[in-house]
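> Sequence first, then the predicted structure, then my questions.
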Amino acid sequence: MDNEIAISGTGIAGLAAATAVIAADRNCLLFGPSTQVMRGGVQLAPNGWAALSVLGLAQDVLSRATRLHEITVRSLINSATLARLPLKDVYASVAQADLANIFKQKIEHSDRFRQTNTTIKQTSLINDGVNIIGKDAGLYHVAGLVAADGVAGFGRTFISGQSEAEVKASLTTDKVALRSTIHLSDLTNFFSQAVSNLWLGDGVHIVHYPIGDSSNIVATMPKTLAYSKWQERLFQHNSPLQLLADPAIEWTSTPLPRSSNSICWRRGTVVLAGDAAHVMPPHLAQGAGQSLQDAACLMQSLTQYADITSAFAAYARHRSGAVAKITQKADISGKIMAFSGLAGKLRNAVIDLGDNHLIEEWLAEVWASDPGLHGQDN
Ligand SMILES: Cc1cc2nc3c(=O)[nH]c(=O)nc-3n(C[C@H](O)[C@H](O)[C@H](O)COP(=O)(O)OP(=O)(O)OC[C@H]3O[C@@H](n4cnc5c(N)ncnc54)[C@H](O)[C@@H]3O)c2cc1C
């Protein structure tokens, strides 16, 4: 189809980018499986909600989300409360599956949308667009491609010129996130409070918050600490987290990639979006939020410029600059959260003494809406 824009990847970034393309009155061809299991949830900060608002979906997502009213920081060692940050602007958690379904409902009803369940094998740039060969051996011709196919997808290798193995090796770290989703009825009332909880320990930190009728729990630690019975060592008696030591609880282990912004976001009429463009540790809870900002910016660029090369160039220029600061802050946050021994004790003491101001100042820049975004729900 003339002027059709392809999207690769059916994660949050790909579905948000497809929504953006259709909202900008362009035809969209989505590559990737139409059904994909999405577990757990994400917290979305004010900048994520601003992006959803630009995409016209903030109210829909909010209706499935859990508003959180405070961030509480505690010591994992003695359970002392170190800081409490009231959340004035919209900050809420949402199940990834719910977020994905809202995007799907929006795009699948559009006659500008079509999807192929195959993934991309090869791409070549030609004068009037992009030729794509799918893993189904099908040949597709499109005007442009938004590669939102994750940290180790096709997009990163195509833009960087690195092999898949080189990309994977450059992203490996020694850290792991152990995730579990537990029904609130199996937990104490402590877990039901509309609070985003951060527990800082010795080289380890825990985040938990409610999503609907469940609690989403993430424990981040070096791989070397995640050996058998790690729960018993971490969740001690007389801590509100004690019941998480139950060996019957199932945890899913996810290796955490090293943070990395793609140096280049665009090659001709191929651009990156989501984790493919910006790999960041989850310590600022910004990966999905930044993917939403990518989509909002893409929509605005495609609306502003009729020609795809100009639209993609404006998008890549704007987003690569904005994301760099966030990735850097996520990295520094991760290092501070990973402090152990004396450094860990000092960190906790400084947060305790600093009241909310330290954390508020740190997050204000991250949560500020991307200056390139404007517009409201339609
Ligand atoms: C422990 C943890 C906690 C997190 N918490 C938060 C949080 O609270 N808030 C927040 O904002 N973010 C959070 N994040 C980050 C967030 O989950 C990610 O940033 C986001 O899900 C990335 O979405 P994506 O679509 O870019 O990538 P992915 O979800 O990886 O999707 C990429 C898709 O592309 C597909 N693909 C791969 N190759 C190809 C190909 N050749 N052709 C077509 N498709 C292909 C893949 O199959 C996949 O479906 C967290 C991350 C972790 C690990």
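Yep, that arrived.

> these two touch, right, residue 200 and residue 78?
No - Residue 200 sits out of contact with residue 78 when judged by CB atoms under 8 Å, with a separation of 11.0 Å. C-beta: built from backbone N, CA, C; applies to glycine.

> more crowded one of the two?
Neighbour totals were compared for residue 200 and residue 78, and residue 200 leads with 22 against 10 (other CB atoms under 10 Å).

> For residue 233, pull up the helix or strand it's in.
Using DSSP states H and E, residue 233 sits within helix 230-234.

> for that helix, which positions count as buried?
If you call a residue buried by 16 or more other CB atoms under 10 Å, then helix 230-234 has these buried ones: 230, 231, 234.

> And stretch 135-149, by the same measure?
Taking 16+ other CB under 10 Å as the neighbour-count basis, stretch 135-149 is seen to contain the buried residues 140, 142, 143, 144, 145, 146, 147, 148, 149.

> per-residue confidence averaged over the helix holding residue 233?
On average, the pLDDT along helix 230-234 is 89.

> Give me the contacts around the helix or strand following that helix.
Moving toward the C-terminus from helix 230-234, the first helix or strand encountered (DSSP H and E) is strand 252-255. Defining contact as CB atoms under 8 Å, 6 or more residues apart in numbering, one finds that strand 252-255 is touched by 39, 172, 173, 175, 176, 177, 178, 179, 180, 223, 226.

> how does it look with 7 Å?
Under the contact criterion CB atoms under 7 Å, 6 or more residues apart in numbering, strand 252-255 has outside partners 176, 177, 178, 179, 226.

> Report whether the helix or strand following that strand contacts the ligand.
Downstream of strand 252-255, the next assigned helix or strand under DSSP H and E is strand 260-261. No - Strand 260-261 stays out of contact with the ligand when judged by CB under 6 Å from any ligand atom, the minimum separation being 12.9 Å.

> same question, stretch 356-369
No - for stretch 356-369 and the ligand, the contact criterion (CB under 6 Å from any ligand atom) is not met; the two come no nearer than 10.9 Å.

> tell me which residues in that stretch are buried?
Those would be 359, 363, 366, 367, 369, for stretch 356-369 by 16+ other CB under 10 Å.

> sorry, back to before: find the pair from the contacts of strand 252-255 with maximum spatial separation.
When these are compared pair by pair using CB to CB, the two farthest from each other are 179 and 226, 11.9 Å apart.

> Identify each of the strands in the stretch 151-300 of the chain and give its residue range.
Listed in chain order, the strands of the stretch 151-300 of the chain (DSSP state E, counting those that start in this stretch) span 175-183, 195-200, 205-211, 214-222, 252-255, 260-261, 266-267, 270-272, 278-279.

> So for stretch 45-62, first residue to last residue, what's the gap.
12 Å (CA to CA, to the nearest Å).

> same question but for stretch 71-86, I mixed them up
Using CA to CA, one end of stretch 71-86 lies 7 Å from the other.
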